[in-house]
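Trainee: Let me see the structure of the following:
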Amino acid sequence: MTSIDLNCDMGEMPGALADGTQEALMSYISSANVACGGHAGDAAMMRATIEQALRHGVRVGAHPGYEDPANFGRNALQLSPEEIANSVHRQILALEKIAKPLGAVIGHVKAHGALYNQAAQDPLTARAIAEGVRRWKSDVILVGLANSVMLDEFRLAAFSVAAEAFADRRYESDGTLRARKFTDALLRDPEEAAAQAVRIVEQGNMIAADGSVVSLAAQTICIHGDTPGALEIAAAVHHRLEQAGIVVRPLPRS
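Mentor: Below is the predicted model:
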């Protein structure tokens, strides 16, 4: 039976926590990437997000980013590999401090924003992320952009990896994500996002911004919690996957 992990970046927006949107999203996903206080989140947000994940049987992962909340971690910072490794390690420890007393196990790590995008193209950044995680532990899954050098570097660092695709993002013909400066970078239509997710799982490819077909095999598909209409997108993606006979289930333990 075909299956896919459906993940979402969470613990980033107090408003989504307060109005119930974040917990509603938990009904449609299998893994939550919890912001660790770098680009967003604080101890209270981490705790609330982990508690919601546990209630819904959703796997918990760490979501470290550049420690730049003013720009939501979406601006690249000029840090050395050692500084990146230290930052990633520090953020994971902050999340684990909250997770462990709640009985939650951090099963995967996925970088956020500019850190993720840099690592997808720069081996040194990818190695720095892997080193930061290794200082915590090595029996954990590292999530990275499908077909990117970050997965190669994570494997070379002896980690289990999960190739990631995005339901709510448009791609370039080279398999990179379309920059957010373009108005069509986000797929805001739930049905369009759902169709992209199903195609990725069933056919291992998707249609890029220029109309070309891009090979895109993935073990996990992301829906951004801060995308406008994220709840409707998540519901549509989950429903269309189920209609296609695709089971939504978390990644296997490393």
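
Trainee: what's the burial count for residue 65?
Mentor: The local packing of residue 65 (other C-beta atoms under 10 Å) involves 29 other residues. Just so you know, the C-beta spots here come from the backbone N, C-alpha and C atoms, and that holds for glycine as well.

Trainee: name the element it belongs to?
Mentor: Under DSSP states H and E, no helix or strand contains residue 65.

Trainee: same question, residue 214
Mentor: Secondary structure assignment for residue 214, by DSSP H and E: strand 213-215.

Trainee: Quick check: which helices or strands does the following helix or strand past that strand pack against?
Mentor: The C-terminal neighbour of strand 213-215 among helices and strands, as given by DSSP H and E, is strand 220-224. Using 3 or more C-beta pairs under 8 Å, 6 or more residues apart in numbering; DSSP states H and E, the elements in contact with strand 220-224 are strand 3-10, strand 160-166, helix 190-203, helix 230-243.

Trainee: What is the second one packed up against?
Mentor: Read it as strand 160-166. Counting by 3+ C-beta pairs under 8 Å, 6+ apart, the packing neighbours recorded for strand 160-166 are strand 141-145, helix 149-156, strand 220-224.

Trainee: average model confidence for the second one?
Mentor: Model confidence over helix 149-156, given as mean pLDDT, is 98.

Trainee: next one: the last one
Mentor: Averaged over strand 220-224, pLDDT sits at 96.

Trainee: That one pairs with which strands, and in what direction?
Mentor: Sheet pairing of strand 220-224 (DSSP bridges) gives strand 3-10 (parallel), strand 160-166 (parallel).

Trainee: returning to that earlier point: of the helices and strands packed on strand 160-166, which stretch is the most buried?
Mentor: Here the criterion is mean neighbour count by mean count of other C-beta atoms under 10 Å, and of the helices and strands packed on strand 160-166 the winner is strand 141-145, at a mean of 27.

Trainee: Identify the residues contacting residue 208.
Mentor: Applying C-beta atoms under 8 Å, 6 or more residues apart in numbering to residue 208 gives the contacts 170, 171, 172, 173, 214.

Trainee: what separates it from residue 15, distance-wise?
Mentor: For residue 208, the distance to residue 15 equals 33 Å [C-beta to C-beta, to the nearest Å].

Trainee: Please apply the same query to residue 74.
Mentor: Residue 74 sits 18 Å away from residue 15, going by C-beta to C-beta.

Trainee: So those two - more neighbours on which side?
Mentor: For residue 74 versus residue 15, the count of surrounding residues by other C-beta under 10 Å is larger for residue 74: 16 against 9.

Trainee: If you drop the residues flanking it in sequence, what lies closest to residue 64?
Mentor: Distances taken as C-beta to C-beta, 6 or more residues apart in numbering place residue 91 nearest to residue 64, at 3.9 Å, with adjacent residues excluded.

Trainee: could you point out which element follows the helix-or-strand element of the chain with minimal mean pLDDT?
Mentor: None of the helices or strands of the chain scores lower by mean pLDDT, DSSP states H and E than helix 14-18, at a mean of 86. Downstream of helix 14-18, the first helix or strand assigned by DSSP H and E is helix 21-26.

Trainee: Which strands or helices does that following helix pack on?
Mentor: strand 3-10, helix 14-18, helix 43-55, helix 230-243.

Trainee: can those go into JSON lines with extra columns for distance to residue 223?
Mentor: Shown next, in JSON lines, are those (distance: least, C-beta to C-beta, whole Å):
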{"stretch": "strand 3-10", "distance to residue 223": "5"}
{"stretch": "helix 14-18", "distance to residue 223": "13"}
{"stretch": "helix 43-55", "distance to residue 223": "15"}
{"stretch": "helix 230-243", "distance to residue 223": "5"}
